[in-house]
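S.K.: Okay, sequence plus prediction incoming.
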Amino acid sequence: MNTVNVCETFVSLQGESSYAGLPCFFIRLAGCNLHCRYCDTAYARAPGRETPVAELVARVRSDRAPLCEITGGEPLLQPGFPALARAVKDETGKTLLVETNGSCDLSLVPEGAIAVMDVKCPGSGEGESFAMANLGRLRPCDEVKFVLADETDYRWALEFVEKRRLTSLCHAVLFSPVHSALDARVLANWMLRDRVPARLQLQWHRQLGMR
Ligand code: SF4
């Protein structure tokens with residue numbers, strides 16, 4: 001496949017990983033298989049524009065941002081994703097992040113790219129969606145993110161991290177509060193109290209009113 005279905009491309013600060021704060025060229029692919037309650041990109045569920053991989057690679061290459069992120073929607077659903085990811089990685093020399101919701105086969109992310117994989121918590125309404133086999137597909141460079149709506153989610157995520165020894169399987173574990181649902185200071189205090197082996201992650205782009 002030499003095309004992918006694109007919702008939008010844009011440049012913003014990377015906001016949801018240990019690369020947060022760096023300028024990033026985003027490629028948002030269209031379509032998603034989940035229906036998270038707090039989804040802030042519902043528009044990405046609609047069909048987008050079929051776009052040649054070569055055109056996207058040229059856009060990434062010509063932008064000065066040091067990072068590129070392929071996100072969605074759910075990018076791993078698209079047959080053209082592997083070709084796009086390989087081409088961005090091999091032909092632009094930029095650091096490539098791939099954001100995925102955890103329900104699809106993580107091995108589709110090529111070597112050299114960094115997966116930022118969600119494990120959906122019960123508060124998302126998609127708490128059963130995580131593909132457990134993906135734990136065995138994590139590489140040392142990858143990151144795992146839990147977006148937390150409340151204390152039930154927090155306790156669920158903490159148990160998941162500890163039971164699966166998640167910190168030994170990847171580069172970083174991230175706990176991120178649902179914007180406007182869980183106060184980041186409250187979450188920070190829980191994490192300090194429990195000495196959680198995860199990083200608080202604050203969705204920098206949203207704090208700054210950016211997309
Ligand atoms: S996986 Fe992401 S894009 Fe899909 S519904 Fe959930 S938050 Fe929205």
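M.R.: In hand now; what should we look at?

S.K.: Work out the gap between stretch 62-78 and the centre of the chain.
M.R.: Taking C-alpha atoms, centre = their mean, to the nearest Å, one finds stretch 62-78 lying 10 Å from the centre of the chain it belongs to.

S.K.: Kindly check the end-to-end length of it for me.
M.R.: The straight-line separation of the ends of stretch 62-78 (C-alpha to C-alpha, to the nearest Å) is 24 Å.

S.K.: what is the mean pLDDT for that stretch?
M.R.: Across stretch 62-78, pLDDT averages out at 97.

S.K.: Of all the residues in that stretch, which ones are buried?
M.R.: Neighbour-count burial for stretch 62-78 flags 63, 65, 67-78 (criterion: 16 or more other C-beta atoms under 10 Å). Bear in mind the C-beta positions are built from the backbone N, C-alpha and C, glycine included.

S.K.: Quick one: list the elements packing against the helix or strand bottoming out on mean pLDDT in the chain.
M.R.: Within the chain, judged by mean pLDDT, DSSP states H and E, the helix or strand with the poorest mean is helix 204-207; its value is a mean of 71. Taking 3 or more C-beta pairs under 8 Å, 6 or more residues apart in numbering; DSSP states H and E as the contact definition, the neighbouring helices and strands of helix 204-207 are strand 3-13.

S.K.: any idea which helix or strand comes after the strand it packs on?
M.R.: Sequence order places strand 23-29 as the next helix or strand after strand 3-13, per DSSP states H and E.
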